[in-house]
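**Student:** A structural model of the following input is requested.
(2 chains)
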Amino acid sequence: GAGVSQTPSNKVTEKGKYVELRCDPISGHTALYWYRQSLGQGPEFLIYFQGTGAADDSGLPNDRFFAVRPEGSVSTLKIQRTERGDSAVYLCASSLGSSGGTDTQYFGPGTRLTVL
Amino acid sequence: DQQVKQNSPSLSVQEGRISILNCDYTNSMFDYFLWYKKYPAEGPTFLISISSIKDKNEDGRFTVFLNKSAKHLSLHIVPSQPGDSAVYFCAAKNFGNEKLTFGTGTRLTIIP
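**Tutor:** Got it, this is the predicted structure:
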């Protein structure tokens, strides 16, 4: 079956511009996650959705970052007034959303964002 | 602060030998640990996990060991194969929280 897909695969923008990054989770997965990976670092948690609602957004760095998942499937990460420090690979993951704490997160290939 | 640490940025191992990747954590609330493998231009792929109630979990060539008192876990790959060459990330979470905390990764190179 299809895995997690993310579009675009690469995005180059100028400082100050607005960008949207899209994630299509695995069909049937109710939980969706966004992570950010900077060069030489591991993925860093941004936000987690259970269904349509953001269950944990504690990783969003500031109010320029916002994410939505209006129908409980596709999610969009939105970044306003981009800064050069936002340059990173943005990873999306999804999971079944089952309880018990051992839900496996399956990652997409990521969107490489470059802010010039 | 780095709650999950992988102190070896890289490791080279001869094909057929054992690869041992190490990971340390500082947060005693972590009770579930995972290893992910990442190839270039791909997302991380889940490899194996272990709950804090166990000290070992095995899946084919991959075994994860957990030493709770030392807050240390390791991934053993035996025998190592060329396709194992990738970056390996250790990750941790606690059952009440879905977010994963990752280490910085170890690049494993298997030498034919």
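
**Student:** by contact count, what packs against the one helix or strand in chain A whose mean pLDDT sits lowest?
**Tutor:** Using mean pLDDT, DSSP states H and E, strand A:53-56 stands out as the lowest-scoring helix or strand of chain A, at a mean of 91. Under the contact criterion of 3 or more C-beta pairs under 8 Å, 6 or more residues apart in numbering or on different chains; DSSP states H and E, strand A:53-56 touches strand A:44-50. C-beta coordinates here come from the backbone N, C-alpha and C atoms, glycine included.

**Student:** what does chain B have sitting close to chain A?
**Tutor:** Chain B has residues B:4, B:6, B:31-32, B:34, B:36, B:41-46, B:49, B:51, B:89, B:91, B:93-105 near chain A, with proximity defined as C-beta under 8 Å from any C-beta of the partner chain.

**Student:** again, only using 7 Å
**Tutor:** B:32, B:41-44, B:46, B:89, B:95, B:98-100, B:102-105 (C-beta under 7 Å from any C-beta of the partner chain).

**Student:** nearest residue to residue 79 in space, please, no chain neighbours.
**Tutor:** I went with chain A, as the question did not name one. Once flanking residues are discounted, residue A:79 sits nearest to residue A:19: 5.1 Å by C-beta to C-beta, 6 or more residues apart in numbering or on different chains.

**Student:** meant chain B, my bad for not saying
**Tutor:** residue B:16 is the one closest to residue B:79 (C-beta to C-beta, 6+ apart), at 4.7 Å.

**Student:** so which strand or helix has that neighbour?
**Tutor:** Assessed by DSSP states H and E, residue B:16 sits outside every helix and strand.

**Student:** how many neighbours does it have?
**Tutor:** For residue B:16, the tally of surrounding residues (other C-beta atoms under 10 Å in any protein chain shown) stands at 11.

**Student:** and what of residue B:49?
**Tutor:** For residue B:49, using other C-beta under 10 Å, the count is 18.

**Student:** distance-wise, check the closest residue to it other than its chain neighbours relative to residue B:4.
**Tutor:** Distances taken as C-beta to C-beta, 6+ apart place residue B:34 nearest to residue B:49, at 4.4 Å, with adjacent residues excluded. Separation of residue B:34 from residue B:4 (C-beta to C-beta, to the nearest Å): 10 Å.

**Student:** what sits in contact with each of these two?
**Tutor:** residue B:91 (C-beta atoms under 7 Å, 6 or more residues apart in numbering or on different chains).

**Student:** circling back: in a strand, the residue nearest to residue B:49, correct?
**Tutor:** Yes - counting by DSSP: H, G, I helix; E, B strand; the rest coil, one finds residue B:34 located in a strand.

**Student:** show me what it is bridged to.
**Tutor:** Beta-bridge partners recorded for residue B:34 (DSSP bridges): residue B:49, residue B:91.

**Student:** tell me the contacts of it?
**Tutor:** Residue B:34 touches B:46, B:49, B:91, counting by C-beta under 7 Å, 6+ apart.

**Student:** ok, the residue nearest to residue B:32 when sequence neighbours are not counted - contacts?
**Tutor:** Nearest non-adjacent residue to residue B:32, counting by C-beta to C-beta, 6+ apart: residue B:93, 5.2 Å away. Residue B:93 is in contact with B:30, B:32, B:99, B:100, B:101, counting by C-beta under 7 Å, 6+ apart.

**Student:** let's see it at 10 Å
**Tutor:** A:45, A:101-103, A:105, B:27, B:29-34, B:49, B:99-101 (C-beta atoms under 10 Å, 6 or more residues apart in numbering or on different chains).
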